[in-house]
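Enquirer: Quick one: sequence plus predicted model below, questions after.
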Amino acid sequence: MGVVEVGTCRRPMRGESVCGDAWLHLEGANSCFLAVVDGLGHGPAAFEAATLATEHLRREVASRVRSVDLGATLQSLHHALRSTRGVVAGLATIHRPTEELAFAGIGNIEAQIIGSAAMQVLSHPGILGDGRRLHPVVHHVPFQVGWLLILHSDGLAPGPYPPVARGLPCTRIAQLLLDQLGRDDDDALVVVARLPGEV
Ligand SMILES: [Mn+2]
């Protein structure tokens, strides 16, 4: 098993054959990187923007997962997407030895940590690729073994979430959340991650 257990669930808007929401999971020594990207609107142009975003992130981050600067990565993504219709995105890194999580989001991406209590980590307004000045903020929070990180697009209703059995596999939790909170008038994606180990 990798640094984190990750489960994802995704589907396009009703009537569309491609999904404009995309995710990326990369691992380095003791660390992982997760991204959730929502191409604006839906359909092929949203899919293209989201695909370009995840390809850019893979090139930027793959060789330096441990040391990646999320604010600088959002800025470079902002620049790389200027020829597209734009995306909103949430980026996270988890470092296992220190049980720390960093998160930076631009636009309407929901990030929640379910630990001893539920905590929302805020994204900041904006659109990646629109050419306007960007002000990313990186949040650093604890993330203990057994806690859940839930990242999703606005194709799911925001939390609070229905109670989920925390011991279920992340893939199953992602499916349950999409089933219960997914809207059929937008693309929808949820990513669930957990540091495996004895709690
Ligand atoms: Mn959306």
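Expert: Received, thanks.

Enquirer: Counting by contacts, list what the worst-scoring helix or strand of the chain on mean pLDDT packs against.
Expert: Scoring the helices and strands of the chain by mean pLDDT, DSSP states H and E places strand 118-121 at the bottom, with a mean of 89. For strand 118-121, the packing partners by 3 or more C-beta pairs under 8 Å, 6 or more residues apart in numbering; DSSP states H and E come out as strand 110-114, strand 139-142. Using the backbone N, CA and C atoms, a C-beta is placed for each residue, glycine as well.

Enquirer: Looking at those, which is nearest to residue 127?
Expert: With C-beta to C-beta as the criterion, residue 127 lies closest to strand 110-114 of these, at 16.5 Å.

Enquirer: How far off centre is the closest one?
Expert: 10 Å (C-alpha atoms, centre = their mean, to the nearest Å).

Enquirer: Can you list the strands that it pairs with?
Expert: Its sheet considered, strand 110-114 pairs with strand 118-121 (antiparallel), strand 148-152 (antiparallel) by DSSP bridges.

Enquirer: Which helix or strand lies directly C-terminal to the longest one?
Expert: Beyond strand 148-152 in the direction of the C-terminus, DSSP states H and E gives the next helix or strand as helix 170-181.

Enquirer: From the chain's centroid, how far away is whichever helix or strand comes after that following helix?
Expert: Per DSSP H and E, helix 170-181 leads on to strand 188-194 as the next helix or strand towards the C-terminus. Relative to the chain's own centre, strand 188-194 is displaced by 7 Å; criterion: C-alpha atoms, centre = their mean.

Enquirer: Repeat that for stretch 109-124.
Expert: That offset, for stretch 109-124, works out to 12 Å (C-alpha atoms, centre = their mean).

Enquirer: start to end distance for stretch 36-55?
Expert: Start to finish, the residues bounding stretch 36-55 are 12 Å apart (C-alpha to C-alpha, to the nearest Å).

Enquirer: rewinding a little: just the buried positions in the least confident helix or strand of the chain, please.
Expert: Buried positions in strand 118-121, judged by neighbour count with 16 or more other C-beta atoms under 10 Å: residue 121.

Enquirer: Would you mind listing what in this protein touches the ion?
Expert: Those residues of the chain that sit near the ion, judged by C-beta under 5 Å from the ion, are 38, 153-154, 186.

Enquirer: With neighbour count and distance to residue 15 as new columns, can these be given to me in CSV?
Expert: Formatted as CSV, the residues of the chain next to the ion follow (neighbours: other C-beta atoms under 10 Å; distance: C-beta to C-beta, whole Å):
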residue, neighbour count, distance to residue 15
38, 31, 18
153, 31, 17
154, 18, 18
186, 20, 11
